[in-house]
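Novice: Quick one: sequence and predicted model below, then my questions.
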Amino acid sequence: MRASVAALLVAAAQLGAQPQAAKQSAPIDLTGYWVALVTEDWRFRMVTPHKGDYQAVPMTQAARKLADAWDPAADEAAGNQCKAYGAAAIMRLAARFHITWRDDNTLRVESDAGMQTRLFHFGSGAPAAGERAWQGYSRAEWERQGSLKVITTNLRAGYLRKNGVPYSENAVVTEYFDLAPAPDGGQVMLVTTVVDDPQYLSQPFIVSSQFKKEAGGSKWDPTPCSAR
Amino acid sequence: MGSHALFSQVTIGSMARSLITALLCALACRSAAAQFELTGSWAARNHEFLSGDGLPVDFTGIPLNEEGRIRALSYSESQLSMPERQCQGWPAFYMVQGPFGLKIWSETDPLKGNVISYTIGAWEDRAPLVIWMDGRPHPSKYALHTRSGFTTGKWEGNTLVTYTTHMKAGFLRKTGAPSSDEATLTMRFYRHADILTILAVIEDPIYLAEPWVLSRSFQLSAAPVSPIGPPCVSALEATPSTDVPHYDPRKNPFVDEMTKKYGVPRDAAIGKPETLYPEYRKKIN
């Protein structure tokens, strides 16, 4: 009897020691189609703000100087139409997002606006040195209280808003994903985004965005990046 | 029964008790640890949604129904010059829209130590909000309606969920989008490190076509946030009048201001529900 109890305890200990894949240990299910509810900052998100309209962004002088020189034609000519679709700004877009598991330890977030793909890597992987991208490299972890925390680095410099409000390639984006029930019985996803960028932000830029879950992808509408 | 068997029984029994105790403790500890410290000073960051003090006809992002839109377009900010309206303040929805931080404190049961209520301090034009955590029911629908209403709360895991009713008719936004005395507010408080994010769902069967979902983040502050605003004292510096300033909603002179200044289409400025969704962008371009 003692032996069987001991075996049980050993098995339990081994079970506890083996890390579960992120997909299996997920405390919340973020997969599905999500539509942005543009109930805040409408004029910054649904239309491209005028040059010089930077209200509410804690910009440094260097950022203001750069934004004042915003030239969408130059961005197009340089192939930089996606500067406003990078990881620091993408969840604030008026867009739909499709979240799926690429594999047991990688969550994939696709946007229809700008046709971007983000990969949230669970575990201890690291980005290849020097490799920068609009979506950077995102390390993810489940928080004990049932949220997803994502930290993104290795970004290409981009825009927080389409009218050229900049963030640098050294920006660090920290996001928290939470779920809540919606009044109609569906689900709401809340994403809190904190952008740290001492070069262009005088303090962390903090916004929270909400999304409603949709039954399917019938309204999914892939459109390329636009600099204007 | 031999001594060996007795030893086995005792060992297994004590181990089982230990396991059960550990399990119960783990559950209890998890439950307590699942809640977070809500009290303290939370500074506003104001990096989003500052349109409440903008142009007069800015109802962007609010899913107004037709009745709400007509009321909104009839509103004149000159109403705030009327002595009886100067100190009216704004409903609890203002919590996730105003420029202020939050000072939150709790009242605890002196014998049991449990939280009876949280209070979110006032601001210049917002009344304090008391969140009752002791399980008391909401009053009768005929009970007194106040500016901040009646709020109950409960923890769902690590999230504080509150529900507010009994608010006086007021405004969803300072630009005049109306709220009725049947409106309700559900808030969910999430804490991540030093960030407090409030998800707010406003429902109003009279003036909204669908629930209005907002969110707002605050950052824990070492500097104290004031729990009160300065006192409001009404004054009249004009000839008394019985008129209530307003516009004919069909002829509001500011209806195209958002279009002229920011390129926002009129349908969006006047809060048509379809303008809240990304596909509306196709109608703009």
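Specialist: Sure thing, it's come through.

Novice: remind me which residues of the chain are low pLDDT?
Specialist: Using chain A. Within chain A, the stretches with pLDDT under 70 are A:1-18.

Novice: The intended chain is chain B.
Specialist: B:1-34, B:50-53, B:285.

Novice: what about 80?
Specialist: Scanning chain B with the threshold set as pLDDT under 80 gives B:1-34, B:49-54, B:237-241, B:285.

Novice: which residue ranges form the strands in it?
Specialist: B:40-44, B:102-108, B:115-120, B:129-132, B:150-156, B:159-165, B:170-171, B:178-179, B:184-192, B:195-203, B:212-220 (DSSP state E).

Novice: Dump those strands into JSON lines; add mean neighbour count as well.
Specialist: C-beta: built from backbone N, CA, C; applies to glycine. Shown next, in JSON lines, are the strands of chain B (neighbours: other C-beta atoms under 10 Å in any protein chain shown):
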{"stretch": "strand B:40-44", "mean neighbour count": "19"}
{"stretch": "strand B:102-108", "mean neighbour count": "17"}
{"stretch": "strand B:115-120", "mean neighbour count": "19"}
{"stretch": "strand B:129-132", "mean neighbour count": "22"}
{"stretch": "strand B:150-156", "mean neighbour count": "18"}
{"stretch": "strand B:159-165", "mean neighbour count": "21"}
{"stretch": "strand B:170-171", "mean neighbour count": "20"}
{"stretch": "strand B:178-179", "mean neighbour count": "25"}
{"stretch": "strand B:184-192", "mean neighbour count": "22"}
{"stretch": "strand B:195-203", "mean neighbour count": "22"}
{"stretch": "strand B:212-220", "mean neighbour count": "24"}
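
Novice: Please produce a markdown table containing those strands, extended by distance to A:Gln203.
Specialist: Listed next are the strands of chain B as a markdown table, based on distance: least, C-beta to C-beta, whole Å:
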| stretch | distance to A:Gln203 |
| --- | --- |
| strand B:40-44 | 10 |
| strand B:102-108 | 18 |
| strand B:115-120 | 23 |
| strand B:129-132 | 27 |
| strand B:150-156 | 30 |
| strand B:159-165 | 26 |
| strand B:170-171 | 30 |
| strand B:178-179 | 33 |
| strand B:184-192 | 17 |
| strand B:195-203 | 13 |
| strand B:212-220 | 9 |
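
Novice: Ramachandran angles for A:Leu179?
Specialist: In terms of degrees, to the nearest 10, the main-chain angles of A:Leu179 are phi -120, psi 150.

Novice: where exactly do the helices run in chain B?
Specialist: Along chain B, the stretches classed as helices by DSSP state H are B:3-34, B:66-74, B:257-262, B:266-269, B:281-284.

Novice: Now do the buried residues in the fourth one.
Specialist: Within helix B:266-269, the residues that qualify as buried by neighbour count (16 or more other C-beta atoms under 10 Å in any protein chain shown) are B:Ala268, B:Ala269.

Novice: Determine the set of other helices and strands touching it.
Specialist: helix B:257-262 (3 or more C-beta pairs under 8 Å, 6 or more residues apart in numbering or on different chains; DSSP states H and E).

Novice: who in the stretch 101-250 of chain B is up against chain A?
Specialist: B:157-159, B:186, B:188, B:190, B:192, B:195, B:197, B:199, B:201, B:203, B:211-217, B:219 (C-beta under 8 Å from any C-beta of the partner chain).

Novice: so how far is B:Phe171 from the closest residue in space to B:Ser148 that isn't next to it in sequence?
Specialist: Distance criterion C-beta to C-beta, 6 or more residues apart in numbering or on different chains; nearest residue to B:Ser148, sequence neighbours excluded, is B:Ala127 at 4.1 Å. In this view, B:Ala127 and B:Phe171 are 14 Å apart by C-beta to C-beta, to the nearest Å.

Novice: now swap in B:Ser234 and tell me
Specialist: 18 Å.

Novice: now swap in A:Pro19 and tell me
Specialist: 51 Å.

Novice: A:Lys23 too?
Specialist: 45 Å.

Novice: what pairs with B:Leu199 across the strands?
Specialist: B:Arg188, B:Ser215 (DSSP bridges).

Novice: whoops, I mixed them up, B:Leu102
Specialist: Bridge pairing for B:Leu102 - DSSP bridges - gives B:Trp42.

Novice: wait, it sits on B:Met95?
Specialist: Yes. Checked against C-beta atoms under 8 Å, the pair B:Leu102 and B:Met95 is within contact range at 7.5 Å.

Novice: Now for the two: what residues contact both?
Specialist: Here B:Leu102 and B:Met95 share the contacting residues B:Ile120, scored by C-beta atoms under 8 Å, 6 or more residues apart in numbering or on different chains.

Novice: hang on, the earlier thing: let me see the contact set for the residue nearest to B:Ser148.
Specialist: B:Gly89, B:Thr146, B:Arg147, B:Ser148.

Novice: possible to save those as TSV with neighbour count and distance to A:Asp104?
Specialist: What follows is those, written out as TSV (neighbours: other C-beta atoms under 10 Å in any protein chain shown; distance: C-beta to C-beta, whole Å):
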residue	neighbour count	distance to A:Asp104
B:Gly89	19	52
B:Thr146	13	52
B:Arg147	18	52
B:Ser148	23	48
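
Novice: Of those residues, which pair is most distant in space?
Specialist: Greatest spatial distance among the contacts of B:Ala127 (C-beta to C-beta): B:Gly89 and B:Thr146, at 10.2 Å.

Novice: which stretches of chain A form strands?
Specialist: A:32-36, A:96-103, A:106-111, A:117-122, A:137-142, A:148-153, A:158-161, A:165-167, A:172-181, A:187-196, A:205-214.

Novice: Out of the ones you listed, which one sits most buried?
Specialist: Burial of the strands of chain A is given as mean neighbour count (mean count of other C-beta atoms under 10 Å in any protein chain shown); strand A:165-167 ranks first at a mean of 27.

Novice: same for that strand, what does it pack against?
Specialist: Using 3+ C-beta pairs under 8 Å, 6+ apart: strand A:165-167 touches helix A:61-68, strand A:158-161.

Novice: neighbouring strands for it, and are they parallel or not?
Specialist: Counting by DSSP bridges, strand A:165-167 is paired with strand A:158-161 (antiparallel).

Novice: these two touch, right, A:Leu227 and A:Asp75?
Specialist: Careful, residue A:227 is Ala and not Leu. Yes. Judged on C-beta under 8 Å, A:Ala227 makes contact with A:Asp75 at a distance of 4.3 Å.

Novice: Any chance of a markdown table for the strands of chain A, columns distance to B:Phe36?
Specialist: As requested, those are exported to a markdown table (distance: least, C-beta to C-beta, whole Å):
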| stretch | distance to B:Phe36 |
| --- | --- |
| strand A:32-36 | 26 |
| strand A:96-103 | 26 |
| strand A:106-111 | 25 |
| strand A:117-122 | 24 |
| strand A:137-142 | 17 |
| strand A:148-153 | 15 |
| strand A:158-161 | 29 |
| strand A:165-167 | 29 |
| strand A:172-181 | 13 |
| strand A:187-196 | 14 |
| strand A:205-214 | 17 |
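
Novice: Of all those strands, which one comes closest to B:Trp123?
Specialist: Judging these by C-beta to C-beta, what sits closest to B:Trp123 is strand A:205-214, at 19.5 Å.

Novice: who's in contact with that closest one?
Specialist: A:32-37, A:39-41, A:57-58, A:91-92, A:96-97, A:160, A:182, A:186-195, A:197, B:45, B:47-48, B:195, B:197, B:199, B:213-217, B:219.

Novice: That's all I had, so thanks and see you.
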